[in-house]
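Participant: Using only what follows, build the 3D model:
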Amino acid sequence: MNTVNSVDEHIENSPQEAREKLRQIRKIIKKVSPNSEEKISYGMPYYGYCGRLVYFIVRYPISI
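Facilitator: Numbers count the residues shown, from 1 in each chain. Take a look at the predicted model:
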């Protein structure tokens with residue numbers, strides 16, 4: 001697994017067929033929780049607001 005430092009980097013390092021779905025998930029999270037904190041935690045995108053909100057990861061084969 002590659003070490004990434006941002007959600008943008010995580011998405012760009014994900015398989016091509018998953019990138020648009022990951023961008024959509026990110027957009028939805030930011031829309032419904034605009035004050036949430038976005039970061040990488042345990043190598044995955046993490047969103048927190050008053051605690052853990054959501055993590056997401058791509059699994060192989062792609063099943064988003």
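Participant: list the contacts for Thr3?
Facilitator: Applying CB atoms under 8 Å, 6 or more residues apart in numbering, we find Thr3 in contact with Gly43. For every residue, glycine as well, the C-beta is placed using N, CA and C.
Participant: ok, it to Tyr42 distance?
Facilitator: Taking CB to CB, to the nearest Å as the measure, Thr3 falls 11 Å from Tyr42.
Participant: is the residue nearest the centre of the chain in a bridge, and if so with what?
Facilitator: Closest to where the C-alpha atoms of the chain average out (CA atoms, centre = their mean) is Pro45, at 3.6 Å. On the basis of DSSP bridges, Pro45 is bridged to Ile40.
Participant: That one: what's it in contact with?
Facilitator: Per CB under 8 Å, 6+ apart, neighbours of Pro45: Val7, His10, Ile11, Leu22, Arg26, Glu38, Lys39, Tyr55, Phe56, Ile57.
Participant: just the buried members of those residues?
Facilitator: Val7, His10, Ile11, Leu22, Arg26, Glu38, Phe56 (16 or more other CB atoms under 10 Å).
Participant: Which ones among the residues you listed map onto helices?
Facilitator: Per DSSP state H, helices hold the following members of these: Val7, His10, Ile11, Leu22, Arg26.
Participant: Quickly check the residues you listed for the two that are furthest apart.
Facilitator: Between any two of these, the greatest separation by CB to CB is 9.7 Å, found for His10 and Arg26.
Participant: these two touch, right, Met44 and His10?
Facilitator: Yes - here Met44 reaches His10: they are 7.3 Å apart, a contact under CB atoms under 8 Å.
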